[in-house]
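Chemist: Next come a sequence and a model predicted from it.
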Amino acid sequence: MRQKVKAGNIGGMILMNYIELFLDYLINNKELSANTLESYKRDIRQFEVYLREHSLSLEKVTKTIVITYLITLQKTGKATSTISRNLASIRCFYQFMLNERYMNVDPSVNLESPKVEKKLPSVLTKKEVELLLDQPVPVDAKGSRDKAMLELLYATGIRVSELISLSINDVDLISGLIICRSSDSKSRSIPLGNIAVKYIKIYLNEFRKKLCSNDSNTLLFVNFHGKKMTRQGFWKIIKYYSAKANINKTITPHTLRHSFAVHLIENGADIQSIQEMLGHSDISTTQVYIRLNKNKIREVYSKTHPRA
């Protein structure tokens, strides 16, 4: 059993030792992803360097010093989200120190994280969507699969994680519906347009068996090994076709989902229906797309009204 150090008497161990104990605690007690763990490690070690450069010992850190450190990050051009994450890492470290009775004061307590300005999602125009969706040619297994995937994604606005998890049984091509099952065991029905239905049929009837001959595998879309596709694999597909289409925008797997929502709003769809189709639990998330549409209306007005 590890011996506790009396609070306020931590001179026997240097800060780096405590950081190692903290990281060891995170690895063994918290279910964190490798990326999150790496962020904690990077943030706390960067804080340690700052303290060392300013000849500050751990027990002498005050709320003012933490604030000054965060301001320093801001001055070096760090994003608001990065600064917020650094504060969260420092808070977690000091909570560990308190809980383990290495310290009896948390200088980060009651410090507010800087508000992260929400960036509006990037969307494609209707012409850009048509250009992107026209790139895959359904004359072979890859072209047919990719065409069906892109058409389905834009037709339904589902998440990429939901797309690659779809089963053949989730698609009703006669009724023109898909059943989308979320990780929280909830499901929703979303209409499929005629064009998406057409290309999914071509893919299923003519090409899917060339990618997967295993009848027990019911995944709708598979990779060239007949296995489940990954988000990274789909991202490569999107990047390939957007480059081929010469679309000068940053296109991510989520771009078609955003475009789906904005184009529905432009054509008069109500926000509640869009919320249901997108699977948003909170309507405020869906309302971001109204802001996007208002921005576009304002831009069109400025460009076209004679007295704007």
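Modeler: Looks like it arrived, so ask away.
Chemist: all strands for the stretch 151-300 of the chain, in order.
Modeler: Counting by DSSP state E, counting those that start in this stretch, the stretch 151-300 of the chain has these strands, from start to end: 171-172, 177-181, 187-191.
Chemist: what would those strands look like in CSV with distance to residue 104 and mean pLDDT?
Modeler: C-beta coordinates here come from the backbone N, C-alpha and C atoms, glycine included. Shown next, in CSV, are the strands of the stretch 151-300 of the chain (distance: least, CB to CB, whole Å; pLDDT from 0 to 100):
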stretch, distance to residue 104, mean pLDDT
strand 171-172, 60, 94
strand 177-181, 49, 89
strand 187-191, 50, 89
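Chemist: Out of those, which one sits most buried?
Modeler: Compared across the strands of the stretch 151-300 of the chain, strand 177-181 shows the largest average neighbour count, a mean of 19 (mean count of other CB atoms under 10 Å).
Chemist: and residue 253, what does it touch?
Modeler: Counting by CB atoms under 8 Å, 6 or more residues apart in numbering, residue 253 touches 160, 231, 234, 235, 238.
Chemist: Might you specify the subset of the residues you listed located within helices?
Modeler: Residues of those located in helices (DSSP state H): 160, 231, 234, 235, 238.
Chemist: Which two of the residues you listed have the greatest separation?
Modeler: 231 and 238 (10.4 Å; CB to CB).
Chemist: What about the closest residue to residue 287 other than its chain neighbours, how many residues nearby?
Modeler: Leaving out its chain neighbours, the residue that sits closest to residue 287 by CB to CB, 6 or more residues apart in numbering is residue 271, at 6.6 Å. Here the count is done by other CB atoms under 10 Å, and residue 271 has 16 residues near it.
Chemist: Could you do residue 255 as well?
Modeler: The burial count for residue 255: 23, using other CB under 10 Å.
Chemist: Next: residue 49.
Modeler: Residue 49: 10 surrounding residues under other CB under 10 Å.
Chemist: In which helix or strand does it reside?
Modeler: Taking DSSP states H and E as the criterion, residue 49 maps to helix 34-53.
Chemist: any idea which helix or strand comes after that helix?
Modeler: Going down the chain from helix 34-53, the next helix or strand is helix 63-75, by DSSP H and E.
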